[in-house]
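**Q** Need coordinates for the following:
(chains A and B)
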Amino acid sequence: MSGTARWPLAGAIALLALPLALSDFWLFIAIEVLAFALYAVSFNVLLGYGGMLSFGHAAFFGVGGYAAALLMKKTGLSAGAAFALVPLAAMVASAALAAVTGFFSVRRSGIYFAMLTFAFQMLLYTVALKATGLTGGDDGMTGLRPPGVLAKPLAYYYFALALVAPALYVLYRLVNSPFGYTLRALRANARRVQYIGVDVRAHQLAAFIITGAFAGLAGGLFALSNGNVFPGWLNWTASATPIVMAVLGGVHTFLGPALGAAVYVVLEVLISGKTEYWPLAMGIIILILVLLMPEGLTGLVKRRAA
Amino acid sequence: MIDSFLQQLAWLQNPVVVARQLLAGVSNGMLLFLICAGLSLIFGVLRIINFAHGALFMLGALIGATAGLAVLGAALETGLLRRIYRAPHEFQLLLTFALVFVLGDVAKLIWGREDHSVAVPAALDGSMRALGLTFPNYRLFLIVVGVAVAVGLWIVLHRTRWGIFVRAATMDRDMLSALGVNTRRLFTSVFAAGAALAGLGGALAAPIVAVGPGLHVQVIIDAFVVVVIGGMGSVLGALVASLLVGIVNAFGVLAFPGLAVVLTFAVMAIVLIVRPWGLFGAPE
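**A** Predicted coordinates for the structure are as follows:
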């Protein structure tokens, strides 16, 4: 067996065997890690590969969550049928949103792109707050439950894994395809790529829609495990989460953001269990990250190995 | 449908309500201006979006001393921000984002989780009557201070050496540095001045807002919308957009309750799409 094939196999076995070692509580956290790993990796396809800093990616995660909740609560479908449609609906809803907001956002670059994605997210946040009849407003939508045996953390873990693992594989193939290499070239020098004759905006928009769709899938998965969706998922502070996870793991590796997501989620559980000042701890962690370890955790490992 | 909408607008015929909302809108707009002027200056010169500006405003409301905020601003700039001017955008964004939570929680540790209400100073309490209408003195005072700060800032930016440097840095800071100006010190002083303005805004707002946890997260969003609409880096834009947003909000909550806040972000998005440098900013 070649060395490159060994790692994914070891990873797959570890993820399949993980529930043996975990209590129900930590299994619940593991599901959260899976969802946020997909979220962070999809976000980083934009940032780390495409050089596009979205400060509104939480819009897609949140819309995925609301799509799942609306499907379960408002359509009148049986729980089983609604649940079966959740992954597809979450991806379609967030892809559609990304197509509209992305169409305008990719016309701007750098900090203006970030602000435009931010404005669209806040627009959506206020809609979720004000459309109380549909979304429950400030109270959010609660009491979401997967049907039957899937309500058990063990079953839901494997369900989430069965969606997240292929999704990550698709994203991996994407960044290593000609499309992915065009994205990397765009990050390095968008103007030169344009001179070669590549339609820059079309590539950026496609990346925006694809990553938006996977962020939506992550949001839908997390909504049903978490049992509720709140407008806070769409507030501006939520859009820093995938940035922190990506930078924490390291934006120059494909799976770095997944590692960042795992570390972030576990730290949040451990610290917020002990103190109400988790935001302070998170702020200090971010400051350390930004000032002292800009290459993230994978950067630290590489530096040690070198 | 139209009837009910017109009924909602019946207050328009009542000069007392119109005058009251206008006064509230203009005085709120002046408070916004104090925050936004600093936010805009900092973006113009340092090219940093300072998410922590709302936290500086909140600290101003809690401490009540703007000089303290200037010192804190100078410390933050020299200790933290200076290290990331050449870093990618995401690092700059994360750094000021982290400060939002650090400063917010530190404020909680020191001042507790409850809302603080501050009394209007006795000298400014009460109200005056004119044209058959009543105006609270404090609101009028806020407008006077806002105008004074706007005029003062204009004089400083256009008639002093420091102001000329600031405006030059907004256009081309590398050239300014090449011409021998100490831009490191300039950056520190601009951030300190911006922090002091935010602190002044907070101190003046304290008697009319509930000062408590979460204030800074809300305030920065309002300020951000204003600065984008007015044009990042433009103080005049900050003034016009502050008054505009203040007045539109004051009437919007009566005319379209619920919709006003949604419209704010729609306007922000449209400005960014059509004219990303804002109403008064300069295109890059």
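
**Q** For A:V127, which non-adjacent residue is closest in space?
**A** Distances taken as Cβ to Cβ, 6 or more residues apart in numbering or on different chains place B:V262 nearest to A:V127, at 6.0 Å, with adjacent residues excluded. Backbone N, C-alpha and C define where each C-beta goes, glycine included.

**Q** Let me see the contact set for that neighbour.
**A** By Cβ atoms under 8 Å, 6 or more residues apart in numbering or on different chains, the contact list for B:V262 reads A:123, A:126-127, A:130.

**Q** Neighbour count, pLDDT and distance to A:R192 for those - can I get that in JSON lines?
**A** Output for the contacts of B:V262, formatted as JSON lines (neighbours: other Cβ atoms under 10 Å in any protein chain shown; pLDDT from 0 to 100; distance: Cβ to Cβ, whole Å):
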{"residue": "A:L123", "neighbour count": "23", "pLDDT": "92", "distance to A:R192": "34"}
{"residue": "A:T126", "neighbour count": "22", "pLDDT": "91", "distance to A:R192": "39"}
{"residue": "A:V127", "neighbour count": "16", "pLDDT": "91", "distance to A:R192": "39"}
{"residue": "A:K130", "neighbour count": "19", "pLDDT": "87", "distance to A:R192": "45"}
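
**Q** and these, which of them are in helices?
**A** A:123, A:126-127, A:130 (DSSP state H).

**Q** Quick one: low-confidence residue ranges for the stretch 151-284 of chain B.
**A** In the predicted model of the stretch 151-284 of chain B, residues B:284 satisfy pLDDT under 70.

**Q** how about the residues of it that lie near chain A?
**A** Residues of the stretch 151-284 of chain B lying near chain A by Cβ under 8 Å from any Cβ of the partner chain: B:217, B:221, B:228, B:258-259, B:261-262, B:264-266, B:268-269, B:272-273, B:276.

**Q** Give the helix, strand or coil label for the residue nearest the centre of chain B.
**A** Central residue of chain B (Cα atoms, centre = their mean): B:I35, 2.2 Å from the mean position. What DSSP: H, G, I helix; E, B strand; the rest coil gives for B:I35 is helix.

**Q** so it sits right up against B:L197, yeah?
**A** Yes - between B:I35 and B:L197 there is a contact at 7.1 Å, judged by Cβ atoms under 8 Å.

**Q** Kindly list the main-chain dihedrals of B:I164?
**A** Dihedral angles of B:I164 (phi, psi; degrees, to the nearest 10) stand at phi -60, psi -40.

**Q** And it, how close does it get to chain A?
**A** 26 Å (Cβ to the nearest Cβ, to the nearest Å).

**Q** That residue: neighbouring residues, count only.
**A** Number of residues near B:I164 (other Cβ atoms under 10 Å in any protein chain shown) recorded here: 14.

**Q** so who does residue 216 touch?
**A** I went with chain A, as the question did not name one. A:60-61, A:63-64, A:67, A:90-91, A:93-95.

**Q** I was thinking of chain B, sorry if that wasn't clear
**A** B:54-55, B:57-58, B:100, B:103-104, B:107.

**Q** Give me the buried positions along stretch A:63-82.
**A** For stretch A:63-82, burial by neighbour count (16 or more other Cβ atoms under 10 Å in any protein chain shown) applies to A:63-73, A:82.
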